[in-house]
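**Q** Mind looking at a prediction? Sequence and model below.
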Amino acid sequence: MVKIRKVKLEDLPELVMIENLCFRKEEAATRDAFQKRIQYISDSFLVAEVEGVIVGLINGPVIEKPYITDDLFSEIKVNPALGGHQSVLGLAVSPDFQKRGIAAALLSHLENEAQLHKRESVTLTCKEELIGFYENHGYVNKGISSSNHGGVIWYNMLKNLSNS
């Protein structure tokens, strides 16, 4: 069974390992970037565990505008208590645990947290081959992103949250 919880600093080595298994070096978050995210945005950095072993992660800061910009990969500040847009800078599941609903569970958990904090939307960028996955989870493809992080073409995906 999958357990989802907030990140802890001692998770860092496993998180770096999973990130590097799932992303090319140019795209992967660095150890330093993860350390800063754990320090500043642990409220929007979740990990998935199976039998006490970390198998996945999702993280990103709350931002003012609905789309991700490249500066977010290096500049992190504390999330506001309410409002804004929940970004996803990284969603990664260890290859041995992919296709088991773990990424969907992490995404859903982050969306629920975002709604509790009255975020307007959840926003992320993804590669073309993942557009269908996010569309199946209620995200709308808003076209090619201005981000050129890692030298890749990214697509803006947005899911509005109803906070009524």
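**A** Cool, got the structure.
**Q** May I ask you to name the longest helix in the chain?
**A** Counting by DSSP state H, the longest helix found in the chain is helix 102-116.
**Q** Would you mind listing the residues in contact with K65?
**A** If you count contacts by CB atoms under 8 Å, 6 or more residues apart in numbering, K65 has them with H85. For every residue, glycine as well, the C-beta is placed using N, CA and C.
**Q** Using the three-state scheme, assign it.
**A** Here K65 is coil, with the state taken from DSSP: H, G, I helix; E, B strand; the rest coil.
**Q** Next, it: phi, psi?
**A** Per-residue torsions, K65: phi -100, psi 160 (degrees, to the nearest 10).
**Q** Tell me how far T30 lies from Q86.
**A** T30 sits at a distance of 22 Å from Q86 (criterion: CB to CB, to the nearest Å).
**Q** neighbour-wise, which of these two wins?
**A** Q86 (24 against 14; other CB atoms under 10 Å).
**Q** hmm, back to that, what's the longest helix of the chain packed up against?
**A** Contacts defined by 3 or more CB pairs under 8 Å, 6 or more residues apart in numbering; DSSP states H and E place helix 102-116 against strand 2-6, strand 45-50, strand 53-59, strand 85-88, strand 90-93, strand 121-126.
**Q** ok, the longest one: who's next to it in the sheet?
**A** In other words, strand 53-59. strand 45-50 (antiparallel), strand 90-93 (antiparallel) (DSSP bridges).
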